[in-house]
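# Mind looking at a prediction? Sequence and model below.
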Amino acid sequence: MTVVETYPTLDQAARAMGGDAAFLGGGTLVMRAVNEGVAPARLIRVTGPGLSELRVSGDSVRIGAGVTMADVLASRDLEFLHPVARVIGGPQVRNMATVAGNLFAAHPFGDFAAALLALDARVIGAGQGGARPVADVLRDRARAGLVAAIEVPRPRDPKAFGFLKVSRVKPRGVSILSIAAYLPREGGRIRGARVAFGAMGPVPLRSSGAERALEGQSLGAAAIDSAASAATEGLDPPTDEIASAWYRKEVAGVHLKRLLTDMERR
Amino acid sequence: MAKTPVTFTLNGQSKSAFADPGQNLLDFLRRGVGDLTPKFGCGQGTCGACTVTIDGETRLSCLVLAETVYGREVGTAAGLADGAALDPLQTVFMEHFAAQCGYCTPGMLVSARALLDRNPRPSREEVIEAISGNLCRCTGYEPIITAILAVAEGRARA
């Protein structure tokens, strides 16, 4: 039987978290587990305001844990993330699902988390001053603790960030895979390439092969081709009802090439 | 197990009922309050048959914890008609055969009404996007899209 515990602040909720508790955010993941009878015994929720805060400071934006996909789409400061938020779920899900919750979405979900990974976002835990890289949270989600906010660096050049979700059903379908690429350029050369895949592993993962192929190059046909052929190096994608592991590996490079070609033409 | 009293507004009327621990809004509306228009389809946020509005925004009621609607405004398909006077969307759904088995229809109507309330003259693409969270296994969607656009165009003429 489910017990719901409601707290006024996130810090109090964090203290109440334990082995048999789940934090109820937008509900799209946790309530699904409740309906299936597989949710932890205790649901922890927070009523206080402030969780839905979106704050721009300098070259980064702080996204509170309660900020939904619809909130992202309503924010002009987050225009670079609109192509990502737009393809998460359907309209109802976007009104509910939070950015922070996406970090905890099991495969094949978590396309937004792939974008956060490419953008080198950092996660601020409840009651913690410091921030951890998104990759740390993704590496061990069970022990990640409560997320208070996510800090996303805003790309100086919005054209340096590209996102592509590949699904069979349009406009709303589950990912075969998704790709987020952040390719900042200095003097025409890519410096600090970050390419992340969604649905190509148990959690969103970076493509070290593609990043290596792009680093220091100018974004052109040659670099794009070598990034595409190195895209799945070290990746072991899962097989599910959407696509087989073999298929994902075969098409990942093709879709990366399409995304990068599109970014080159911007 | 302790029940939670929930006072909220349903289609403009104040309602109070007790929610079970962990009960979702869909079950609460159907069994606790007696509004049978939102339907149970999948229970996992895929089909949209349970679509309602909370404070004017569409939500999947099967994924909303019932007690969280305390003090809020919930809208369902039951609130569309005013007595015998149907919402224009309900009329065009009949005229364009936009319902066959009818199971998705209440959710479709709620999504379509929410779209037209914020965007009275949507494009075809905007209509498709607005109902993309609502599955229909009968119509192939075309009659539904045509019906929603018919209301939008009717407004433009008026």
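Perfect, I can see it now.
# quick one, strands of the chain?
Going with chain A. Under the criterion DSSP state E, strands of chain A are mapped to A:3-7, A:21-23, A:42-46, A:54-57, A:60-64, A:122-125, A:131-133, A:147-153, A:161-167, A:175-182, A:185-186, A:189-190, A:194-198, A:205-206.
# ah, no, chain B please
B:4-10, B:13-19, B:51-54, B:57-60, B:73-75.
# what's the closest of those strands to chain A?
Nearest to chain A among the strands of chain B is strand B:57-60 (4.6 Å), distances taken as CB to the nearest CB. (Each C-beta comes from the backbone N, C-alpha and C, glycine too.)
# quick check, that closest one touching chain A?
Yes. For strand B:57-60, a contact with chain A is found by CB under 8 Å from any CB of the partner chain, at B:Glu57, B:Thr58, B:Arg59, B:Leu60.
# Direction included, what does that strand pair against?
strand B:51-54 (antiparallel) (DSSP bridges).
# picking that back up, redo the strands of chain B as CSV? Include mean pLDDT and mean neighbour count.
Converted to CSV, the strands of chain B look like this (pLDDT from 0 to 100; neighbours: other CB atoms under 10 Å in any protein chain shown):
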stretch, mean pLDDT, mean neighbour count
strand B:4-10, 98, 17
strand B:13-19, 98, 14
strand B:51-54, 98, 26
strand B:57-60, 98, 27
strand B:73-75, 98, 21
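# Could you export the ones you listed as JSON lines, including distance to A:Met263?
Formatted as JSON lines, the strands of chain B follow (distance: least, CB to CB, whole Å):
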{"stretch": "strand B:4-10", "distance to A:Met263": "47"}
{"stretch": "strand B:13-19", "distance to A:Met263": "49"}
{"stretch": "strand B:51-54", "distance to A:Met263": "36"}
{"stretch": "strand B:57-60", "distance to A:Met263": "33"}
{"stretch": "strand B:73-75", "distance to A:Met263": "42"}
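# what's the closest of the ones you listed to A:Lys257?
strand B:57-60 (36.2 Å; CB to CB).
# Could you dump the strands of chain A into TSV and include mean neighbour count, distance to chain B and mean pLDDT?
Listed next are these as TSV, based on neighbours: other CB atoms under 10 Å in any protein chain shown; distance: least, CB to the nearest CB, whole Å; pLDDT from 0 to 100:
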stretch	mean neighbour count	distance to chain B	mean pLDDT
strand A:3-7	17	6	95
strand A:21-23	20	11	95
strand A:42-46	22	7	97
strand A:54-57	12	17	93
strand A:60-64	21	17	97
strand A:122-125	21	24	96
strand A:131-133	16	28	96
strand A:147-153	22	19	97
strand A:161-167	22	12	98
strand A:175-182	26	14	98
strand A:185-186	12	33	96
strand A:189-190	18	34	98
strand A:194-198	27	18	98
strand A:205-206	20	25	98
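# how many other residues sit next to B:Gly56?
Neighbour count for B:Gly56, taken as other CB atoms under 10 Å in any protein chain shown: 10.
# swap that for B:Gly71, please
Around B:Gly71 there are 10 residues (other CB under 10 Å).
# For chain B, what's the nearest residue on chain A?
A:Gly90 (2.3 Å).
# quick one, what contacts the residue lying closest to A:Gly64 once chain neighbours are set aside?
Nearest residue to A:Gly64 in three dimensions, chain neighbours excluded: A:Glu53, at 4.2 Å (CB to CB, 6 or more residues apart in numbering or on different chains). Residues near A:Glu53 by CB atoms under 8 Å, 6 or more residues apart in numbering or on different chains: A:Arg62, A:Gly64, A:Val67, A:Ala149.
# The second one touches A:Val147, doesn't it?
No. A:Gly64 is not in contact with A:Val147 according to CB atoms under 8 Å; the separation is 9.4 Å.
# pLDDT score for B:Arg157?
Confidence at B:Arg157, expressed as pLDDT, is 50.
# where exactly do the helices run in the stretch 151-266 of chain A?
Remark: helices assigned in the stretch 151-266 of chain A by DSSP state H, counting those that start in this stretch are A:208-214, A:221-230, A:245-265.
# For the ones you listed, give me a markdown table that also has mean neighbour count and mean pLDDT.
What follows is these, written out as a markdown table (neighbours: other CB atoms under 10 Å in any protein chain shown; pLDDT from 0 to 100):
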| stretch | mean neighbour count | mean pLDDT |
| --- | --- | --- |
| helix A:208-214 | 21 | 98 |
| helix A:221-230 | 18 | 98 |
| helix A:245-265 | 17 | 98 |
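# Which of the ones you listed sits closest to B:Val151?
helix A:245-265 (36.3 Å).
# now A:Gly162: how far from A:Arg212?
Distance, A:Gly162 to A:Arg212, by CB to CB, to the nearest Å: 18 Å.
# Could you do B:Val33 as well?
For B:Val33 relative to A:Arg212 (CB to CB), the value is 59 Å.
# Name the nearest residue to the residue most central in space within chain B, sequence neighbours excluded.
Nearest to the geometric centre of chain B sits B:Val110, at 2.9 Å (CA atoms, centre = their mean). Spatial nearest neighbour of B:Val110, chain neighbours left out: B:Thr51 (4.7 Å); criterion: CB to CB, 6+ apart.
# Hmm, B:Cys62 and the one you found touching each other?
No. Counting by CB under 8 Å, B:Thr51 sits too far from B:Cys62 to count as a contact (9.6 Å).
# Could you pull up the residues touching A:Ser75?
A:Ser75 makes contact with A:Leu54 under the criterion CB under 8 Å, 6+ apart.
# ignore the last one, A:Gly127
A:Leu10, A:Asp11, A:Ala14, A:Ala148 are the contacts of A:Gly127 under CB under 8 Å, 6+ apart.
# B:Ala17 too?
B:Pro5, B:Val6, B:Phe28, B:Gly32, B:Val33.
# again, only this time at 6 Å
Going by CB atoms under 6 Å, 6 or more residues apart in numbering or on different chains, B:Ala17 touches B:Val6, B:Gly32, B:Val33.
# what's the answer for A:Val84, then?
Contacts of A:Val84 (CB under 6 Å, 6+ apart): A:Phe112, A:Ala115, A:Phe163.
# and if you look at B:Val33?
B:Val33 neighbours (CB under 6 Å, 6+ apart): B:Lys15, B:Ala17.
# mind listing what the most centrally placed residue in chain A touches?
Chain A has A:Ala113 as the residue nearest its centroid, 1.0 Å off, counting by CA atoms, centre = their mean. A:Ala113 makes contact with A:Asn102, A:Leu103, A:Pro204, according to CB under 6 Å, 6+ apart.
# ok, now how distant is it from A:Phe104?
With CB to CB as the criterion, A:Ala113 and A:Phe104 are 8 Å apart.
# Repeat that for A:Phe80.
Counting by CB to CB - A:Phe80 and A:Phe104 are separated by 23 Å.
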